[in-house]
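*Asks:* test case, fold it:
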Amino acid sequence: MIEQALSRHNVALRVKITVKTLISLGIIALAVILPQLIHLALGAPGGMQWLPMYLPILLGGCLLGWKWGLGVGILSPVISFAITSLIGNPMPALVRLPYMIVELAVFAAVSGLFSQRIAKNGWMAFPAVLLAQVSGRLVFLAIAAIFQSVSPLSAVTVWSQIQTGLLGMVLQAVIVPFIVMGLRLLLIKDKE
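*Replies:* As a prediction, this is how the structure comes out:
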């Protein structure tokens, strides 16, 4: 969606890269800060229920497209882990980090595949987010099932986590598309 807005304004490639980089950094920062705030207010159970890192990643995919979104999806949990490890409370936990990298990469890539369609029709953000969520969670479950013999995360544990986070996912399936549609309207208004 951002790509289409920048192309309509005929901006140079250097400017496109700068804008996308700044947006990506903002989304990564949000993906690090938002979980900290939720955990501070609601504790670890609140994080497992509301899944605060997922919201910025879904937003990033819809706005930036699949390539840049994929980068944001991969880097966000890695940077969050690196920063929070310095203060003694790594988030996500090391055992969960590889799974989260893959899951968030799927979230961002799938929602990012809809970016051009969202630029034309904001309502496409709803299927983009929903399909991304379902795909990401299924991949998480599948990877846990495949590696459960060598990992402390079993498919049963992951299924329980999916159920715990269902309310957060439903809420994000509504909130993220409305944020995206609002930003789209601002970009269209800016065009006129």
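
*Asks:* contacts, neighbours, all on C-alpha from now
*Replies:* Fine.

*Asks:* buried set for the strand or helix carrying Arg14?
*Replies:* Assigned by DSSP states H and E, Arg14 belongs to helix 13-50. Judged by neighbour count using 16 or more other Cα atoms under 10 Å, the buried positions of helix 13-50 are 16, 20, 23-24, 27-28, 30-32, 34-36, 38-39, 46-50.

*Asks:* now do stretch 183-192
*Replies:* 183-184, 187.

*Asks:* could you do stretch 161-168 as well?
*Replies:* Residues of stretch 161-168 classed as buried under the neighbour-count rule (16+ other Cα under 10 Å) are 162, 164-165, 168.

*Asks:* returning to what we had before: and of the buried residues of stretch 183-192, the nearest to Val11?
*Replies:* Taking Cα to Cα as the measure, Val11 lies nearest Leu187 of the buried residues of stretch 183-192, at 14.2 Å.

*Asks:* wait, that closest one touches Ala5, no?
*Replies:* Yes: in this structure, Leu187 is within contact of Ala5 by Cα atoms under 8 Å, at 6.5 Å.

*Asks:* what sits against the most centrally placed residue in the chain?
*Replies:* To find the centre residue of the chain, average its C-alpha atoms and take the closest one (Cα atoms, centre = their mean): that gives Ile57, at 1.5 Å. Contacts here follow Cα atoms under 8 Å, 6 or more residues apart in numbering; on that basis Ile57 touches 27-28, 31, 69, 72-73, 104, 107-108.

*Asks:* so, low pLDDT: which residues of this protein?
*Replies:* Flagging of the chain using pLDDT under 70 yields the residue ranges 190-192.

*Asks:* the same query, at a cut-off of 80, please.
*Replies:* Along the chain, the parts satisfying pLDDT under 80 run over 189-192.

*Asks:* helices of that one, residue ranges please.
*Replies:* Counting by DSSP state H, the chain has helices at residues 2-8, 13-50, 54-86, 97-112, 115-120, 125-147, 155-164, 166-191.
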